[in-house]
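Enquirer: Structure, please.
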Amino acid sequence: MKKLNYSLVNHLVITAVTLAVITACGGGGDSGPSFGGGTGVGLSEPITSGPASDSTGKTPEDGVPAPAAVAAVDKSAKPMELPDTVWPSNYKLWFRPDAALKTFVGRGDVEIEVLKPVDAIVVAAHNLNFAKGRTTLRKVSNPGEAIPLIPTPQTLGDFVQLRLNDGQIAKGKYLLHMEWDGKIQFSDAEYCPPAEMARNPFCSAATGIFKVGLSTPEGVSSDAIVTQGETNYARQWFPGWDEPAFRHTFEISAEVPGDWKTVSNGAQTEATKLPDGYQRVAFEKTPSMPMYLTFFGGGKFDILADTFKNPLDGSDLPLRWFTPPGRSDWAKFAMEWTKVSMDYYYKYTGIPLPFKKFDTVAANDSYNNKPNTGFGGMENWGSIFEFADSVLTKPGTTPTLYSVTVVTHEVAHQWFGDLVTLDWWDNVWLNESFARWFERRTTIKFHPEYYSFSDYVLDKHNVIVADLKSTAVPVQRNLNDAGSFGFISPSIFVYNKGSHVLETIQNYIGEEAMQKGLQIYLKDYAYGNVTPSRLWSSLEKVTDKKVSDIGDSLIRQTGIPLLTVDAQCAGDRTYVNISQESFPNQNQFPASTWTIPVTLAYGNSLEQRKTFVMSNNAVQLELPGCTAVLAGPTGQDYYVSNYSAQSWSDLLSKVQNLAANKPLLLNIERDAFRLLSVGRITQAQYDQIRGVLNLPAPLLAKTQLSQQKMAAVDAGEKEEYPHALRFQGSLKLRENDKR
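Expert: Numbering: from 1, shown residues only. Now for the predicted structure:
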């Protein structure tokens with residue numbers, strides 16, 4: 001990646017007096033900012049005045065900030081790359097962009113605990129320049145003494161050691177003060193030149209602090225800034241502990257142009273005009289969360305405001321959509337859909353969001369030609385970011401499918417990803433598969449005109465096609481040295497296959513058990529980190545069914561099981577032989593056996609059910625009566641079903657009993673098409689199956705379109721999954737940890 005060198009001389013001349021006088025995080029002007037928490041005032045518009053200092057008149061370096069009531073943080077998930085000897089608890093962050101939006105200066109005061117003597121405090125930072133002589137440490141027990149630290153970059157990785165002149169830093173609680181300057185991305189015309197794009201197709205400047213466009217319907221443009229921290233790009237905004245295992249609170253403040261509207265994770269508490277035309281803004285302390293979920297946005301936004309009625313206690317939560325000027329009406333559908341989605345998630349989880357407001361920021365993707373930004377939306381806690389060109393709907397036009405699904409996807413993340421967070425990036429599916437699963441289910445429930453279970457069947461078969469290729473990867477990747485490339489590519493596995501695994505598990509344990517288990521999962525690990533074993537354990541607490549072996553089997557292997565059913569009648573019994581094998585594939589490391597839940601439908605009208613777990617290559621069982629047998633009656637389980645010739649014949653004779661279940665009929669047809677492609681059935685058999693199923697013409701048209709899209713991807717066209725996660729540096733391989 002291109003090495004960026006830059007100068008802040010002009011800006012530092014302007015701000016030299018401020019930097020010399022105010023060393024504590026949070027402001028210029030005559031006095032320090034208010035960090036005492038706020039009441040969430042000014043939710044429809046930023047307030048024009050506010051307190052300039054807290055009631056004691058002390059800046060953060062004068063002593064220990066008053067503790068706030070926050071949830072306990074589960075520290076059982078250990079960091080992978082940063083040492084676990086120093087833990088942050090609260091971060092007071094201030095920054096100021098220059099007028100040209102090319103550079104910024106920042107300060108931070110971090111409450112930390114050193115658990116044992118260390119040679120240095122290690123923080124992550126990328127393309128940040130530490131101000132000379134401005135990094136200090138103060139003991140909580142002796143706040144009057146500032147101990148100078150020397151920022152020393154490591155030779156490898158984006159890590160900086162903060163060292164004493166000599167000796168070790170003793171165990172204890174401290175306040176760490178840092179000052180730095182950095183670059184606002186997209187300030188250069190070409191951040192990713194052609195050679196870099198060829199080497200790294202996921203190269204993007206939509207990281208750290210970056211510029212976006214705000215364009216009116218008439219085409220009048222202005223620049224705004226927003227932030228993007230996932231995966232570890234917050235280190236381009238401020239130095240800190242940006243692994244998901246570190247969860248701490250944040251108090252964010254900034255000085256920005258006076259005509260901007262601003263937004264962050266917490267509710268805004270201050271907007272004070274400054275003599276130089278800037279304004280000082282501050283926001284409430286956030287809940288405990290990973291650094292990558294911090295967010296700030298500022299620009300000449302319009303605001304669409306509304307209120308969400310909490311279905312759990314009847315309280316009101318202010319909602320806002322920040323849009324480009326003149327486009328607030330374009331957010332009306334998105335606002336209504338936000339309220340519907342939130343109502344669903346509140347009722348489903350039983351857990352309200354820990355915020356006094358909830359925002360979504362939509363900025364034009366006007367920099368998309370510089371290169372692709374690499375993502376469609378980001379689930380910053382309490383302040384989602386979207387690209388307006390994809391999510392806003394011009395009055396009088398119809399919302400797109402993407403604009404429907406991206407809204408509920410990012411709202412789902414507020415619980416699955418934000419309230420509970422993956423422990424390390426090889427488990428990113430615990431964020432994304434849940435968001436995709438809920439995105440599909442809420443759209444099916446509330447907007448079936450956009451998405452149905454038949455569409456979900458087609459998506460499953462798109463996943464199957466990808467899962468049989470040499471490029472297939474497990475849902476739970478074994479990551480190492482992926483660098484800044486798109487380490488979840490192809491993202492169809494982390495997002496879509498994982499969602500079908502969740503659907504398969506729900507079909508096994510039932511919707512009620514799934515909901516109760518996920519409520520336990522969210523409650524037990526709130527403000528902490530989750531792993532697959534923690535998910536499986538939570539689900540097993542509400543059912544006598546074993547989930548862990550099934551879940552691990554499906555997320556750790558590539559490919560898909562092929563079940564072959566042979567049902568034969570003898571007397572008044574049906575004897576069923578089922579064999580399991582790997583569907584013919586090109587996988588680099590093919591699996592041979594899975595542990596999967598299998599449900600059989602049988603009886604005169606295929607109305608009866610028998611469910612069992614298959615972990616061997618073959619199983620035999622018997623059913624009452626002489627009956628046809630169908631494997632996977634929901635059509636959503638993640639396996640392909642084949643049948644002996646007689647069993648196909650018996651099953652097709654019962655198709656009239658399935659006529660109302662179009663998704664199931666579609667899945668039978670798609671399974672047959674898969675089988676035809678590898679020679680497991682003949683063209684004549686497939687034609688007979690398709691003829692008997694007699695799928696409606698619109699469904700047949702959808703299958704044709706689906707096949708065309710998959711063929712286009714095979715020919716080199718871009719995937720339809722816009723979020724390509726990137727990682728700054730080299731991912732560390734997890735070694736022998738139970739995940």
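
Enquirer: Could I get the buried residue list for the helix or strand hosting residue 270?
Expert: Using DSSP states H and E, residue 270 maps to strand 268-273. Neighbour-count burial for strand 268-273, counted by 16 or more other CB atoms under 10 Å, picks out 268-272. Any C-beta I mention is one placed from the backbone N, CA and C, and that applies to glycine too.

Enquirer: With just CA atoms, put that strand into PDB.
Expert: Provided in PDB are the C-alpha atoms of strand 268-273 (Å, rounded to 0.1, in the frame of the first residue of the first chain):
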ATOM      1  CA  GLN A 268     -24.800  15.200  21.800                       C
ATOM      2  CA  THR A 269     -24.400  17.200  24.900                       C
ATOM      3  CA  GLU A 270     -22.600  20.400  23.700                       C
ATOM      4  CA  ALA A 271     -22.200  22.600  20.700                       C
ATOM      5  CA  THR A 272     -20.300  25.800  21.600                       C
ATOM      6  CA  LYS A 273     -19.300  28.300  19.000                       C
END
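
Enquirer: which parts of the helix or strand just after it are buried?
Expert: Sequence-wise, the next helix or strand beyond strand 268-273 is strand 278-283, with elements assigned using DSSP H and E. For strand 278-283, the neighbour count (16+ other CB under 10 Å) marks 278-283 as buried.

Enquirer: any chance of those in a markdown table, plus pLDDT and distance to residue 428?
Expert: Below are these laid out as a markdown table (pLDDT from 0 to 100; distance: CB to CB, whole Å):
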| residue | pLDDT | distance to residue 428 |
| --- | --- | --- |
| 278 | 98 | 38 |
| 279 | 98 | 37 |
| 280 | 98 | 36 |
| 281 | 98 | 32 |
| 282 | 98 | 32 |
| 283 | 98 | 27 |
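
Enquirer: What are the buried residues along stretch 527-545?
Expert: So, applying 16+ other CB under 10 Å, buried residues of stretch 527-545: 527-532, 534-540, 542-543, 545.

Enquirer: Going by distance to residue 554, which of the residues you listed wins?
Expert: Nearest to residue 554 among those, counting by CB to CB, is residue 532 at 10.4 Å.

Enquirer: pretty sure that closest one is touching residue 476, no?
Expert: Yes. Applying CB atoms under 8 Å, one finds residue 532 in contact with residue 476, separated by 6.7 Å.

Enquirer: any idea which helix or strand comes after the helix or strand bottoming out on mean pLDDT in the chain?
Expert: Of the helices and strands making up the chain, the lowest-confidence element is helix 9-21, at a mean of 32, by mean pLDDT, DSSP states H and E. Taking DSSP H and E as the definition, the helix or strand that follows helix 9-21 towards the C-terminus is strand 86-97.

Enquirer: That following strand: which residues count as buried?
Expert: Buried residues in strand 86-97, counted by 16+ other CB under 10 Å: 86-97.

Enquirer: Check those residues and tell me the two furthest apart.
Expert: Farthest pair in the buried residues of strand 86-97, by CB to CB: 87 and 97, 30.2 Å.

Enquirer: which intervals of the protein have sub-threshold pLDDT?
Expert: Low-confidence segments of the chain (pLDDT under 70): 1-74, 187-193, 196-197, 199-203, 365-374, 483, 485, 716, 718-724, 736-739.

Enquirer: Mind jotting down where the helices sit in the stretch 201-350 of the chain?
Expert: Counting by DSSP state H, counting those that start in this stretch, the stretch 201-350 of the chain has helices at residues 332-349.

Enquirer: ugh, typo on my part, it should be the stretch 401-550 of the chain
Expert: Counting by DSSP H, counting those that start in this stretch, the helices of the stretch 401-550 of the chain are 401-413, 429-446, 453-467, 492, 498-509, 511-524, 532-540, 548-555.

Enquirer: again with the stretch 601-739 of the chain
Expert: 645-652, 662-677, 683-693, 697-714.

Enquirer: the inter-axis angle of the second one versus helix 453-467?
Expert: Computed with axes from the mean of the first three to the mean of the last three CA atoms, to 10 degrees, the direction of helix 662-677 lies at 30 degrees from that of helix 453-467.

Enquirer: got it, and the third one?
Expert: For the pair helix 683-693 and helix 453-467, the angle between their directions (the same axes, to 10 degrees) equals 160 degrees.

Enquirer: What is helix 683-693 packed up against?
Expert: helix 645-652, helix 662-677 (3 or more CB pairs under 8 Å, 6 or more residues apart in numbering; DSSP states H and E).

Enquirer: With mean neighbour count and distance to residue 150 as added columns, please give these in CSV.
Expert: Shown next, in CSV, are those (neighbours: other CB atoms under 10 Å; distance: least, CB to CB, whole Å):
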stretch, mean neighbour count, distance to residue 150
helix 645-652, 17, 74
helix 662-677, 22, 62
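
Enquirer: With just CA atoms, put stretch 146-155 into CSV.
Expert: The C-alpha atoms that make up stretch 146-155 are tabulated as CSV, following Å, rounded to 0.1, in the frame of the first residue of the first chain:
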residue,chain,number,x,y,z
ALA,A,146,3.2,13.8,34.8
ILE,A,147,5.5,10.9,33.8
PRO,A,148,6.9,11.4,30.2
LEU,A,149,6.7,8.5,27.8
ILE,A,150,8.6,8.0,24.6
PRO,A,151,6.5,6.7,21.6
THR,A,152,8.6,4.1,19.8
PRO,A,153,7.2,2.4,16.7
GLN,A,154,7.8,-1.4,16.4
THR,A,155,9.6,-2.4,13.3
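
Enquirer: For that stretch, buried residues please.
Expert: 149, 151.

Enquirer: if we can go back for a sec, how about JSON lines for the buried residues of strand 86-97, with distance to residue 464 added?
Expert: As requested, the buried residues of strand 86-97 are exported to JSON lines (distance: CB to CB, whole Å):
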{"residue": "86", "distance to residue 464": "46"}
{"residue": "87", "distance to residue 464": "44"}
{"residue": "88", "distance to residue 464": "44"}
{"residue": "89", "distance to residue 464": "46"}
{"residue": "90", "distance to residue 464": "47"}
{"residue": "91", "distance to residue 464": "44"}
{"residue": "92", "distance to residue 464": "50"}
{"residue": "93", "distance to residue 464": "46"}
{"residue": "94", "distance to residue 464": "51"}
{"residue": "95", "distance to residue 464": "47"}
{"residue": "96", "distance to residue 464": "52"}
{"residue": "97", "distance to residue 464": "48"}
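
Enquirer: wait, which of these is closest to residue 380?
Expert: residue 93 (14.3 Å).

Enquirer: So what sits opposite that closest one in the bridge?
Expert: Taking DSSP bridges as the rule, residue 93 bridges to residue 108, residue 252.

Enquirer: List the residues that contact it.
Expert: 25, 106-108, 238, 250-253, 294 (CB atoms under 8 Å, 6 or more residues apart in numbering).

Enquirer: and with 7 Å instead?
Expert: 25, 108, 238, 250-252 (CB atoms under 7 Å, 6 or more residues apart in numbering).

Enquirer: Which members of these are the farthest-apart pair?
Expert: Pairwise over these, using CB to CB, the maximum falls at 238 and 251, 12.3 Å.

Enquirer: what's the closest residue to residue 689 other than its chain neighbours in contact with, if anything?
Expert: The shortest distance from residue 689 to any non-neighbouring residue, by CB to CB, 6 or more residues apart in numbering, is to residue 672 (4.6 Å). By CB under 7 Å, 6+ apart, the contact set of residue 672 is 681, 686, 689.

Enquirer: wait, isn't residue 214 in contact with residue 300?
Expert: Yes. At 5.8 Å, residue 214 and residue 300 qualify as touching, with contact defined as CB atoms under 7 Å.

Enquirer: Looking at these two, which is more packed in?
Expert: Each of residue 214 and residue 300 has its neighbours counted (other CB atoms under 10 Å); residue 214 has more, 24 against 16.
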